[in-house]
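please find the sequence and the predicted model below.
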Amino acid sequence: MTRPVPGTGTRLREVHAEWTKLRTAPGTLWTVLALVAVTVATSAAASALVSCPSSGCGHDAVRIGLAGVQAGQAVTAVAAVLAITGEYGTGMIRATFTAMPRRGAVLAAKAVVVAGLTLASGTVAVLGSLLAARLVLPHSGFTPEHGFPPLSLADGPTLRAAAGSVLYLALIALFSLGVATAVRDSAAAAGVVLGLLYALAAVPFVMVPDPDWQLLLWRISPMNAGLAVQSTANLSALPLTPWQGVAVLTAWTAASLLLAALLLRRRDA
């Protein structure tokens, strides 16, 4: 006779409780729709604005088609921040910790739910972006005659870029959840996350003249490094390989969640 794994029922109860809270929150559906709409619309716009003349071009068509992820991540980050700071703002976090005293388990349950919802909505957003790019890019000169076959998930690099983009959004959500748990204020947490994503990504190009420092800052930037997974052309010229970039973002995410778990145990609700 197989014995149940100790604590399994409790963990499932915590995940179910967090899923119920997130599912019944009034803004969850709108957040999912906003992520899909912003991502697809930005990708379609990027595909329409970039052109490839008859003489050819060196653009990465797949990365252009997935450009909307750079905008959609802001929606993902804010949604993940609110998943925890909303409870701090209303005081509901005290009831949560009373019902589920194991704070680390609460954070883990929130992480599972936030990541799961982001993976689902991110998949829809990325597939919609690729479909939009497949339809729009040929009108911008990205045709087979110019060396650009239609975007297809049957192509290995395209599939890797698409799957990596979904994973990127999930990691951004978890990174944001960790920062928000540590900061506990919605506006401050969103500012920190968006600053680390967008501002740190721009610093190597606008404020640092030294090429070696530019390279280092690019490599440790969560956004620059993480989005390397979208690249399908000129990979040898990248400061990091696609999966090395994902590893950098994973390190940022793990650090934020670890800090959040430590602070969650030490502080009052």
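Good, I have the coordinates.

any idea how far stretch 50-67 is from the chain center?
Remark: stretch 50-67 is offset 23 Å from the chain centroid, using C-alpha atoms, centre = their mean, to the nearest Å.

now the helices: where do they sit in the stretch 1-150 of the chain?
According to DSSP state H, counting those that start in this stretch, the stretch 1-150 of the chain carries its helices in the segments 8-24, 28-49, 61-65, 69-90, 92-99, 103-136.

low-confidence ranges in this protein?
Under the criterion of pLDDT under 70, the regions of the chain flagged as low confidence span 1-10, 268-269.

try it again at 80.
Across the chain, the ranges flagged by pLDDT under 80 are 1-11, 54-56, 268-269.

report the central residue of it.
The geometric centre of the chain, computed from its C-alpha atoms, lies nearest to Leu169 (C-alpha atoms, centre = their mean), at 1.9 Å.

in contact with it, which residues?
Residues counted as contacts of Leu169 (C-beta atoms under 8 Å, 6 or more residues apart in numbering) are Leu35, Val69, Gly72, Gln73, Thr76, Thr118, Leu119, Gly122, Ala125, Val126. Using the backbone N, CA and C atoms, a C-beta is placed for each residue, glycine as well.

want to throw the helices of the stretch 1-150 of the chain into TSV with distance to Ala154 and mean neighbour count?
As requested, those are arranged in TSV below (distance: least, C-beta to C-beta, whole Å; neighbours: other C-beta atoms under 10 Å):
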stretch	distance to Ala154	mean neighbour count
helix 8-24	34	15
helix 28-49	19	19
helix 61-65	13	24
helix 69-90	21	23
helix 92-99	45	14
helix 103-136	12	21
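
Ala187 is nearest to which of these?
Go through the helices of the stretch 1-150 of the chain one by one with C-beta to C-beta and the one that ends up closest to Ala187 is helix 69-90, at 8.7 Å.

the residue nearest to Gly147 when sequence neighbours are not counted: how many residues sit nearby?
Across the structure, with C-beta to C-beta, 6 or more residues apart in numbering as the measure, the residue nearest Gly147 apart from its sequence neighbours is Gly56 (6.5 Å). Here the number of neighbours of Gly56 (other C-beta atoms under 10 Å) works out to 12.
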